[in-house]
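1. Show me the folded form of this:
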Amino acid sequence: MSRTNFDQLLQAGCHFGHLKRKWNPAMAPYIFMERNGIHIIDLNKTVVKIDEAAEALKQIAKSGKKILFVATKKQAKDIVAEKATSINMPYVIERWPGGMLTNFPTIRKAVKKMANIDKLMADGTFSNLSKRELLQVTRQRAKLEKNLGSIADLTRLPSAIFVVDVLKENIAIKEANRLGIPVFAMVDTNSDPNGIDFLIPANDDAKDSIDTVLTACCQAIAEGLEERKAEKADEKAAAEQAEEAAEAKPRRARKARKEEEAEEAEANAPAAEDEE
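-> Down below sits the predicted model:
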């Protein structure tokens, strides 16, 4: 069963592309028609592409790997932050820090610096600083939190990135392509789909469109996380059963020996009486 349908996408305005004069010819296979100088996206193909992307994202989440969401455009920020937080995935909604993927160790150092500032504030180390120095540290901490707070738990490179607006996030896509990290993206009619592993042809400007596509994808990720959780629970239960069985085996062996000894004693008792 599809995660979305034609009517749902139509109502969300996913079919509205850009002006014909701004189109990218590489998106021709996903354009249904032109109306009033605006390209209309073929939503039947969008439904299929959402399902393909959602299934791939589900498998990544099921394997216990992280997916980084990237959307720095104004209308997508809040939606991406909400959806990514709900499934405990990292996200970037402020300026993309150049080299975040290709120079990941440096980004991790900045995140650790933020954690160190928190630690020093908590243990009272900064209590002796002047007001001016404390203000500088506080501002530095706020700036790090704004840009990197949402990726504080990302201890290694993500296994995939999900992008809203291919044109705006082109640096992130180039870095991911360079490292061989799969790219999932909402791609509008004015964008270049090359370099995108799982493209979803859809309006990347309307909030309802972004929300609808992200909801379907995040639900798939949530399912993958639940399946992983269930598999771990099953593995734990199986391990406990195996451990109990291993402990019970010697007990059963001892009990069986005692029963055999008792039977032998009973069998020898009448013979002893006859000899008397």
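
2. Apart from its chain neighbours, what residue comes closest to the most centrally placed residue in the chain?
-> The chain has Ile67 as the residue nearest its centroid, 3.5 Å off, counting by C-alpha atoms, centre = their mean. Using C-beta to C-beta, 6 or more residues apart in numbering and skipping residues adjacent in sequence, the residue nearest Ile67 is Ala160, 4.8 Å away. Yep, even glycine has a C-beta here, placed from its N, CA and C like the rest.

3. how near is the one you found to Ala53?
-> 10 Å (C-beta to C-beta, to the nearest Å).

4. same thing with Lys146?
-> The spacing between Lys146 and Ala53, counted by C-beta to C-beta, is 29 Å.

5. now swap in Lys66 and tell me
-> Between Lys66 and Ala53 the computed distance is 16 Å (C-beta to C-beta).

6. now Glu266
-> Applying C-beta to C-beta to Glu266 and Ala53 gives a distance of 73 Å.

7. More neighbours: Lys146 and Ala53, which one.
-> Higher neighbour count among Lys146 and Ala53: Ala53, with 25 against 12, using other C-beta atoms under 10 Å.

8. what's the helix or strand for that one?
-> Element membership for Ala53, per DSSP states H and E: helix 43-62.

9. Where do the helices of the chain begin and end?
-> Along the chain, counting by DSSP state H, helices occupy 6-12, 43-62, 74-86, 104-122, 131-148, 170-179, 207-275.

10. rank these by mean pLDDT and give me the bottom one.
-> Among the helices of the chain, helix 207-275 has the lowest mean pLDDT, at a mean of 80.

11. Report all helices and strands that it contacts.
-> For helix 207-275, the elements it packs on are helix 6-12, helix 43-62, helix 74-86, strand 160-164, strand 183-187, judged by 3 or more C-beta pairs under 8 Å, 6 or more residues apart in numbering; DSSP states H and E.

12. what angle separates the third one from strand 183-187?
-> In terms of direction (axes from the mean of the first three to the mean of the last three C-alpha atoms, to 10 degrees), helix 74-86 departs from strand 183-187 by 140 degrees.

13. ditto for the fourth one
-> Our comparison of strand 160-164 with strand 183-187, counting by the same axes, to 10 degrees, yields an angle of 10 degrees.

14. Per-residue pLDDT of the residue nearest to the centre of the chain, please?
-> At Ile67, the pLDDT recorded in the model is 96.

15. Check the gap between it and Asn88 for me.
-> 10 Å.

16. and what of Leu68?
-> Relative to Asn88, and taking C-beta to C-beta, Leu68 is found at 12 Å.

17. which of those two has more neighbours?
-> The neighbour comparison of Leu68 against Asn88 (other C-beta under 10 Å) goes to Leu68, with 24 against 12.

18. in stretch 194-204, what's buried?
-> Neighbour-count burial for stretch 194-204, counted by 16 or more other C-beta atoms under 10 Å, picks out Ile196, Asp197, Phe198, Leu199, Ile200, Pro201, Ala202, Asn203, Asp204.

19. Kindly check the end-to-end length of that stretch for me.
-> This stretch, stretch 194-204, spans 17 Å end to end (C-alpha to C-alpha, to the nearest Å).

20. got a list of contacts for that stretch?
-> 9, 13-17, 26-27, 30, 41-42, 45-46, 49-50, 52-53, 56, 73, 76, 164-166, 173-174, 177, 182-189, 191, 193, 209-210, 213 (C-beta atoms under 8 Å, 6 or more residues apart in numbering).

21. gap between that stretch and the chain center?
-> Distance of stretch 194-204 from the chain centroid (C-alpha atoms, centre = their mean, to the nearest Å) equals 18 Å.

22. okay, now the domains of this protein?
-> 1-101+157-276, 103-150 (automatic domain parsing).
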